[in-house]
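Student: A predicted structure for the sequence below; I have some questions about it.
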Amino acid sequence: MARITGLAEAVGELVHDGDVVALEGFTHLIPFAAGHEIIRQGRRDLTLVRMTPDLIYDQLIGAGCARKLVFSWGGNPGVGSLHRFRDAVQHAWPVPLEIEEHSHAGMANRYVAGASGLPFAVMRGYTGTDLPKHTDTIRPVTCPFTGEVLTAVPALRPDVTIVHAQRADRKGNVQLWGITGIQKEAVLAASRSLVTVEEIVDELEPRVGAVTLPGWVVTMVAEAPRGAHPSYAHDYYIRDNEFYQEWDTISRDRESFGRWLEEIR
């Protein structure tokens with residue numbers, strides 16, 4: 001059964017220097033509060049994994065937490081580039097950043113393989129693209145039954161996956177709804193997991209279309225109201241579009257980013 005604890009304690013126990021860490025959540029339910037706690041605790045040399053690294057990974061990279069990024073598309077949605085990400089790749093500031101790039105489909109299949117206990121996933125993607133020339137974790141594989149040449153990608157098995165959800169009960173069962181992305185598979189693929197939630201309730205109400213993570217697949221649950229801000233939590237609060245626009249200015253300059261970093265610490 002998942003242990004319910006505070007956010008600082010959960011991050012302190014679950015996230016270690018050098019870990020492979022996935023913070024997943026697509027469009028909404030992005031675990032910003034947990035990411036900020038990782039920054040506050042000064043974790044270093046992390047391999048960050050995410051299908052769509054946006055502001056939270058720009059912040060973690062700028063804070064010097066990451067040595068590698070495994071990702072698909074990356075950017076400030078609807079605004080532009082991730083300036084701290086670009087600074088790390090182009091100028092090794094604050095530390096050099098290694099990148100491993102995949103497509104959305106490649107990342108999703110890798111999580112599914114990890115959740116399924118398989119060593120790799122097979123897909124038809126990447127054929128005819130240049131990405132296999134630049135990413136070592138994309139390999140051709142021949143089907144033993146048809147002879148068709150397909151693409152293999154290795155399973156993703158993070159040391160720890162962190163997601164945000166709307167609710168959990170006092171036994172650690174988690175319920176999330178709306179755009180659910182790859183959160184379930186990312187949690188099942190990980191050795192350890194943390195779910196931050198908007199609220200902890202006595203009993204989860206049945207909800208059509210909701211994803212339920214039973215407490216026995218989750219390591220820890222931490223209550224973190226508005227823990228997805230500036231992204232949104234469906235049925236709780238809306239997206240803070242102004243902050244996404246402001247981030248372009250904050251992150252563009254090292255000094256202004258440094259001031260923001262001091263504020264959250």
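Tutor: Right, received. Where do you want to start? Numbers count the residues shown, from 1 in each chain.

Student: and the helix or strand of the chain with the lowest mean pLDDT, how far out from the chain middle?
Tutor: Every helix and strand in the chain was compared by mean pLDDT, DSSP states H and E; the lowest is helix 131-134, with a mean of 92. On the basis of C-alpha atoms, centre = their mean, to the nearest Å, helix 131-134 sits 23 Å off its chain's mean C-alpha point.

Student: okay but Ala34 is in contact with Ile162, surely?
Tutor: Yes: Ala34 is in contact with Ile162 according to C-beta atoms under 8 Å; the separation is 4.7 Å. All C-beta atoms are positioned from the backbone trio N, CA, C, and that covers glycine.

Student: got a list of what the spatially most central residue of the chain touches?
Tutor: Compute the mean C-alpha point of the chain, and by C-alpha atoms, centre = their mean the closest residue is Leu23, 2.2 Å away. Listed by C-beta atoms under 8 Å, 6 or more residues apart in numbering, the contact set of Leu23 reads Ile30, Pro31, Ala34, Gly35, Leu48, Arg50, Ile56, Tyr57, Thr161, Ile162, Val163.

Student: ok but the last one is inside a strand, no?
Tutor: Yes: using DSSP: H, G, I helix; E, B strand; the rest coil, the secondary structure at Val163 is a strand.

Student: show me what contacts it?
Tutor: So Val163 contacts 23-25, 29, 31, 176, 183, 186-187, 193-196 (C-beta under 8 Å, 6+ apart).

Student: so which residues of the chain form helices?
Tutor: Secondary structure of the chain, counting by DSSP state H: helices at 7-14, 32-40, 55-62, 83-91, 104-116, 131-134, 183-189, 241-252, 254-264.
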